[in-house]
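> what shape does this take:
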Amino acid sequence: MNQKGMTMVELIVSFSLAAVIALFLTEVILFLKDAYVNNGIKTEVISKQTLISERINTLFNSKRISYAESCGDSCVNVSFDDGTTSQISFDKASNSVVVGSYTTRLPDSCIIGDVTIGTVYLGNDTGNFDSIFQIYVPITNSILIDKTFDIDVIYQYDYDEEFWTYNSIDDNYHIVCSSNIAYALGSDINLLDGVSFVDSNSNPVDVDIKVVSLPEINVNKIGEYEVSYIVIYEGKTYVSKRIVCIYQSDYFAYIEGAQMFTVPLTGWYKVELWGASGGDGRVANTSTINEGSGGAGSYTSGEIYLEKNDNLYFYVGSEGEDDYDTASYTYGLGGNNGGGDGGYENRVETTPENGAGGGGATDVRLVNGNWNDSTSLASRIMVAAGGGGAGSSDEAQARGGIGGGLIGSTNSSYTIAATQISGYQLGIGKTGYISADNYGAYGGGGGGYYGGSWTSTNTATTVAQGGAGGSSFISGYAGVNAITSASSTTPTYNTIHYSDYYFIDGSMSAGVNVGDGKAKITFISLTKPAVTNNNLNNVRYIKDCASDNSVNTGTHWVELQAIVNGTNLAYGATVTGVNTGDLGYVVDGDISSSTYGSGWNTPQQCITVDLGTNYDLDEIAVWHYWTDGRIYYGNVTYTSSDNVNWNIIINTGDQAETSNGKRVSAY
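Numbering: from 1, shown residues only. Predicted structure coming up:
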C-alpha cells in the first residue's frame, strides 16, 4: 500500500486550523468567565444598592425627623425627636457606606461620585407634602462600564406639620445667629434679634429668613423653645438654630421640707435667700409681747451657673414662735430649718420669763433629705441665717441677735454668735438656757450655716437673755469657710464648696427680714455676666495701706482674699510689708480678729500680697481688726499687674470695720 506524507501546505493549514479552533475556544472560555464574573459583580452591587436604599428609607420612616445637618461633602447627621441621632455617609476612598448602625463596603471596582444631599421647598400650592429631602449618590463600576447603580432616595413631607431642615456647608455664605436668648414672661420678643445672612466677607445679604419654632412660642407660657432660621439661596439651604427661653422668677415661701427647682435652661441664675426672724419675748413680768424684740433674719444673694435638669432644693425657714404663753414651763418653739427652741424658767411662777424660739435659716442644697439630715445639710451652697429668739425682758440683752452675714450677732455676753467655723451645730441653733431661778431663761439660737449658741449660764445678777443669731454662707464668697466633704464638717479655710458649685457677685446683709423666710431664683443670662470693673483684670499684686486707727496705734490686717471661680487664690500667698510682723495670718483663710499681722512706726503702713501670676479676679476683700468697730484712717486698697503701676479699687474713707470686711466685685 502506498503511503504518502502530508505536504508542507497541508501541515501549515492543519496547524492554522487548530490555532483558530484553540483561539475560538479561549475566547469562548474568557467570555463565559467574564460573563460569570460580571454577573456576580452586578448581582452584588445591585444587592447592596437595594439594601442601602432600603436602609435609608427605613431610617427616614421609622421615627419623626427633627433636624438634618451636613457632616461633610458626603455625610449627613439626622436627628430624631426622641433625642437619637444617626449618620449616613459615603466614603469614596474606601467605598464604605454607613446608614445608622448598618455598615457595608462596595466592590473595589465601584466608583462613588459626588453626593448630593439637600432639601427643596416646593411652595404653598403643592398641597400638604410641599417639601422634599433628597440623597442622591451616583455609583459606577469600572468593569460594568455601561451600567450605573445610583442611590436616589427622596423623602417628601409637610414643611409646616413635620418641620425639619438640612443645613448645607458652604464657605461662601452662612447665617449669623447669636447665642441662645431669653425673654421675661409676657414681654415683647423679636426672634430675628441678632440674626443675619452674610457672605464670606461678613457682608449682609438681603434675603428672606424663615423662622420656625417648635413648639410655637407663647410669650405668656414659661418654656424652652427650639427656633430654626432657614435661608434658601442660589439653590442651597442654610440653617442655624438656637434656644429661646421664656422665664419668670421662681418664689419659695415657707413650707415645711424641701422645695425642688429643676433648671429649665443652661445658663446663669440669681439666687436670693431671706432667713427668718426670731420670736418676740414678753415685757418682764407681764403678758405683753415686746414687739420686734426677736432678731431679724439675714439676706444673701449671688449668681451661679447651672445646667439644664440640675436640681436644687430650697429649704425656707419659719419665724421663731413668740413667748406668748404665760404658763409655767412653756416656751416659744424654734422656727423650722434650724431655729432653737426658747428656754424656760424651771419653776412655777405667775408670769415666768421664758424664751422665744430662734428663727430658721433659709438655704439651697444639692441633696434632698430631712432638714437636719447631715448629708443634706453639708450640701448647702448658700445659707441666709435666722435671727435669735428674744428673752422675756425689756432689757437690751434680752433682744434676739440678728441673723448675721459671715458672723452672727448677739446682744448678750452669755450667748455666742455663730461664725464660719463654730456655733452650736452646723445648721442648728441651740435651745435656750433653762433657768432654775427667777431671773429668766434664754431665747433660742437662730439657725444658719452654724446656729447661734451659748456657753455661760445665768446667775442671780442677770436677767433673761436673747438668743444669738446664726451665720450665713455663700460658696465662692470671700470670707466664708467651706467644709471638707459630705461626711466631714472640718473647715478647709478656703471659700468654695466641695461640690465646686460657686456664686459670683455675692452679697450678704445682716438683720433685714422680719417674719418667715423666703427664697427666689431668677434666670439672668445664658452667658456669664459681663465684668463692669476692669481694675480686677490682669491682677498679680494687691496692696492695702492705712495710717493708724481710732483705738490705738498701727494697722492690723486680719485677712486678704482674692477670688477666682469661687477659690481664694490669696490663700498661702506671699505677703510683704515694711515694719510689719506676723503677715502669714493675712492669708490663712481665717477672718476672726484673734489673729492678725501688724504694721507700725511709719506715717502709712502697707502690705502687698503676690498671687504669683496674673489673674482676672471676681472679687477682692480685706479685713482689718474689726471686733470693736474701729476705724483705720486713710485706708486704700490697690491692684497691679507689675508691682509698679497701681489702680485704686477700694477707697471707703474713714469707715468702721465690720466682720464682712471691705470688698469689691468685678460685676
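
> what segments of the chain are helices?
Residue ranges of the helices in the chain, as given by DSSP state H, are 8-62, 374-378.

> if I average pLDDT within each of these, which one is lowest?
Lowest mean pLDDT within the helices of the chain: helix 8-62, a mean of 71.

> give me the buried positions along stretch 339-357.
339-345, 351-357 (16 or more other Cβ atoms under 10 Å). Where you see a C-beta, it was placed from the backbone N, CA and C, and this is true even at glycine.

> ends of that stretch, how far apart?
One end of stretch 339-357 to the other measures 7 Å (Cα to Cα, to the nearest Å).

> any low-confidence regions in this protein?
Applying pLDDT under 70 to the chain flags residues 1-37, 66-67, 119-131, 157-171, 179, 214-215, 456-462, 601-602.

> report the two of the buried residues of stretch 339-357 separated the most.
Farthest pair in the buried residues of stretch 339-357 (Cβ to Cβ) is G339 and T351. Separation: 23.9 Å.

> from what I see, Q397 and G388 are in contact.
No - with contact defined as Cβ atoms under 8 Å, Q397 does not reach G388; the gap is 11.3 Å.

> mutual contacts of those two, please.
G466 (Cβ atoms under 8 Å, 6 or more residues apart in numbering).

> who has more neighbours, those two?
With neighbours defined as other Cβ atoms under 10 Å, Q397 and G388 compare such that G388 has more, 54 against 17.

> so who does that one touch?
278, 294-295, 358-359, 400-402, 408-410, 415, 429, 443-446, 452, 466-469.

> mind running it again at 6 Å?
When contacts are counted by Cβ atoms under 6 Å, 6 or more residues apart in numbering, G388 touches 278, 295, 358, 400-401, 443, 445-446, 452, 466-469.

> just those now: which is nearest T116?
Relative to T116, the closest of these is G446; by Cβ to Cβ it sits at 71.5 Å.

> got a list of what the closest one touches?
With Cβ under 6 Å, 6+ apart, G446 has these contacts: 278, 358-359, 385-388, 403, 429, 452, 469-470.

> let's see 8 Å
G446 makes contact with 275, 278, 295, 297, 320, 338-340, 358-359, 361, 385-389, 400-401, 403, 408, 418, 429, 452, 467-470, according to Cβ under 8 Å, 6+ apart.

> do Y493 as well
Y493 is in contact with 481, 571, 588-590, counting by Cβ under 8 Å, 6+ apart.

> are any of those residues buried, and if so which?
Of those, these count as buried by 16+ other Cβ under 10 Å: 481, 571, 589-590.

> what about the nearest residue to I421 once chain neighbours are set aside, how many residues nearby?
Take I421 and drop its neighbours on the chain: the residue closest to it by Cβ to Cβ, 6 or more residues apart in numbering is P491, 4.6 Å away. By the measure other Cβ under 10 Å, the count of residues near P491 is 17.

> before we move on, the earlier item: out of the buried residues of stretch 339-357, who's nearest I434?
Closest to I434, out of all of the buried residues of stretch 339-357 and judged by Cβ to Cβ, is G343, at 4.7 Å.

> so that closest one makes contact with T431?
Yes - counting by Cβ under 8 Å, G343 touches T431, with 6.5 Å between them.

> overlap in contacts of these two?
G444.

> quick one: stretch 637-657 to chain centroid distance?
31 Å (Cα atoms, centre = their mean, to the nearest Å).

> next one: stretch 282-300
On Cα atoms, centre = their mean, the centre of stretch 282-300 falls 39 Å from the chain's centre.

> one more: stretch 579-597?
Relative to its chain's centre, stretch 579-597 lies at 34 Å (Cα atoms, centre = their mean).

> got the end-to-end distance for it?
11 Å.

> again, but for stretch 536-554
End-to-end for stretch 536-554, by Cα to Cα: 28 Å.

> buried ones in it?
Under 16+ other Cβ under 10 Å, the buried positions of stretch 536-554 are 536, 539-549, 554.

> turn these into a markdown table, columns for distance to L312.
Shown next, in a markdown table, are the buried residues of stretch 536-554 (distance: Cβ to Cβ, whole Å):
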| residue | distance to L312 |
| --- | --- |
| L536 | 28 |
| V539 | 32 |
| R540 | 36 |
| Y541 | 38 |
| I542 | 33 |
| K543 | 39 |
| D544 | 36 |
| C545 | 42 |
| A546 | 41 |
| S547 | 46 |
| D548 | 47 |
| N549 | 43 |
| G554 | 46 |
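
> return the subset of the residues you listed lying in strands.
539-546 (DSSP state E).

> run a quick neighbour tally on the residue nearest to H497 when sequence neighbours are not counted.
Spatially, and ignoring its direct neighbours in sequence, H497 is nearest to S475 (3.8 Å; Cβ to Cβ, 6+ apart). Neighbourhood size, S475 [other Cβ under 10 Å]: 24.

> I'd say S475 and A482 touch.
Yes - if you go by Cβ under 8 Å, S475 and A482 touch, sitting 6.6 Å apart.

> now the common contact residues for the two.
495-497.

> let's see if you can find the most crowded of those residues.
Using other Cβ under 10 Å as the neighbour test, the shared contacts of S475 and A482 are led by T495, with 28 neighbours.

> quick one, what contacts that one?
Listed by Cβ under 8 Å, 6+ apart, the contact set of T495 reads 475-482, 502, 561, 563, 566-568, 589.

> residues near the closest residue to it other than its chain neighbours, how many?
Taking Cβ to Cβ, 6+ apart as the measure, T495 lies nearest to N568, with 4.7 Å between them; neighbours along the chain are not counted. Applying the criterion other Cβ under 10 Å, we find 28 residues in the vicinity of N568.

> is it true that N568 touches E559?
No - at 9.4 Å, N568 does not count as touching E559 under the criterion of Cβ under 8 Å.

> mutual contacts of these two, please.
With Cβ under 8 Å, 6+ apart as the test, N568 and E559 both reach G589.

> can you give me the strands in the stretch 501-650 of the chain?
503-513, 518-525, 539-546, 555-564, 567-568, 574-577, 580-581, 597-599, 605-615, 619-624, 636-640, 647-650 (DSSP state E, counting those that start in this stretch).

> now do the fifth one: everything it contacts.
Just to be clear, that refers to strand 567-568. So strand 567-568 is contacted by 476, 478, 494-496, 502, 561-562, 589 (Cβ under 8 Å, 6+ apart).

> show me which of those residues is closest to A258.
Nearest to A258 among the contacts of strand 567-568, with distances taken as Cβ to Cβ, is Y502, at 21.6 Å.

> quick one: the closest one from S376, how far?
Remark: distance between Y502 and S376 (Cβ to Cβ, to the nearest Å) = 19 Å.

> and if you look at I65?
44 Å.

> try Y571
According to Cβ to Cβ, Y571 and S376 sit 28 Å apart.

> with N203 instead?
57 Å.

> residue contacts, G470?
By Cβ under 8 Å, 6+ apart, the residues touching G470 are 275, 338, 358, 361, 383, 385-386, 403-404, 408, 418, 423, 429, 445-452.

> inside strands: which ones of the residues you listed?
V383.

> quick one on the thing from earlier: just the shared contacts of S475 and A482 now: which is nearest L611?
T495 (14.7 Å).

> now G440. Nearest residue, chain neighbours left out?
Spatial nearest neighbour of G440, chain neighbours left out: A464 (2.7 Å); criterion: Cβ to Cβ, 6+ apart.

> show me where the stretch 201-350 of the chain has strands.
For the stretch 201-350 of the chain, the strands defined by DSSP E, counting those that start in this stretch occupy 210-214, 223-233, 236-247, 250-252, 258-262, 267-274, 297-306, 311-315.
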